[in-house]
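Asker: Got a predicted model here, sequence first, then my questions.
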Amino acid sequence: MEHDPRALEVLEACHALAVYGLGSVIGGHVSMRVPGERQYWTNTLDRSFEEMTIEDIVLLGFDGENLSSGRVVSPGIGFHPGIYELRPDVQAVVHTHGYWVTAQSAFGRPPLVWHNLATYFHGRTAISPDDEIESIAPALGADDVAIVIPWHGAITIGGSMGEACALHVTFDYACRLDVSLAGTGAPPMPDDRSERMKVLVGKADYLENTWQLMRRKAARNLVDGVVRVQAIP
């Protein structure tokens, strides 16, 4: 049976995120827009990312209608079409409750810049006022690539699935540094240096290389259609 290539991309993203410890529990969702349609592919609720198979990827309408099966999806999935309608440039959305992004969300602020890669999010991270579905997408600015949902988790977005996923694992890394270092007295990177470094980092092909690394790791850990990884914080 031939499967929609976007459904396959959602599945691969679930597996790739799982390898980074971002998909070992129930919850979180990945989606990809269907161009020219008010539809998107996403994952079902009753499997972790590492367990997902192609049968766990479903097609939804922006109105919430399940167009491909009767499988149950997350009741919080509604911000995905909200983001797609607000930002036509966005083709993929990643939301997880990863340990470090969730810990960061308790601060109710973007991660401070403790490393060059954290500059991807400097001035480009929105804060949702709460975790009500209707309030999440409107928090996004025109240039934002991430959203912190207080006491909940985080979202990253991209013009491709690879970009959204690579940004998510990078955001998780930035959050881990912030949670670990905040309050230690160590100084975060000053704003002026962060802006200069953001320009330099933007010249590298870091996000695409990170996505290809994620894909390679997922492929190496794929056994009988599911990813075999340890649940790690």
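Answerer: Received, thanks. Everything numeric in this text was worked out from a predicted model, so none of it was measured.

Asker: So Glu163 is in contact with Val93, correct?
Answerer: No. Glu163 is beyond contact range of Val93, at 11.1 Å (criterion: Cβ atoms under 8 Å). (Glycine included, C-beta is placed from N, CA and C.)

Asker: Pick out whichever of the two has more residues nearby.
Answerer: Val93 (29 against 21; other Cβ atoms under 10 Å).

Asker: which ones are touching the more buried one?
Answerer: By Cβ atoms under 8 Å, 6 or more residues apart in numbering, Val93 lies in contact with 29-31, 80, 83-84, 155-157, 164.

Asker: Could you verify that it is part of a helix?
Answerer: No. Under DSSP: H, G, I helix; E, B strand; the rest coil, Val93 sits outside any helix and is assigned strand.

Asker: Show the pLDDT at it.
Answerer: In this model, Val93 is scored at 98, pLDDT.

Asker: and if you look at Pro233?
Answerer: Listed pLDDT for Pro233 reads 43.

Asker: what sits against the residue nearest the centre of the chain?
Answerer: Of all residues in the chain, the one closest to the mean position by Cα atoms, centre = their mean is Val94, 2.7 Å from it. By Cβ under 8 Å, 6+ apart, Val94 lies in contact with 13, 17, 30, 155-158, 164-165, 167-168.

Asker: can you check Val201 too?
Answerer: Taking Cβ under 8 Å, 6+ apart, we find Val201 in contact with 116-117, 119-120.

Asker: Next, it: secondary structure please.
Answerer: Following three-state DSSP, Val201 is assigned to helix.

Asker: List of residues touching stretch 18-28?
Answerer: So stretch 18-28 is contacted by 14-15, 17, 45-50, 74, 95-99, 153, 168-169, 172, 214, 217-218, 221, 227, 229-233 (Cβ under 8 Å, 6+ apart).

Asker: pLDDT of that stretch, averaged?
Answerer: 91.

Asker: list the buried ones in it?
Answerer: When burial is assessed from 16 or more other Cβ atoms under 10 Å, stretch 18-28 yields the following buried residues: 18-24, 28.
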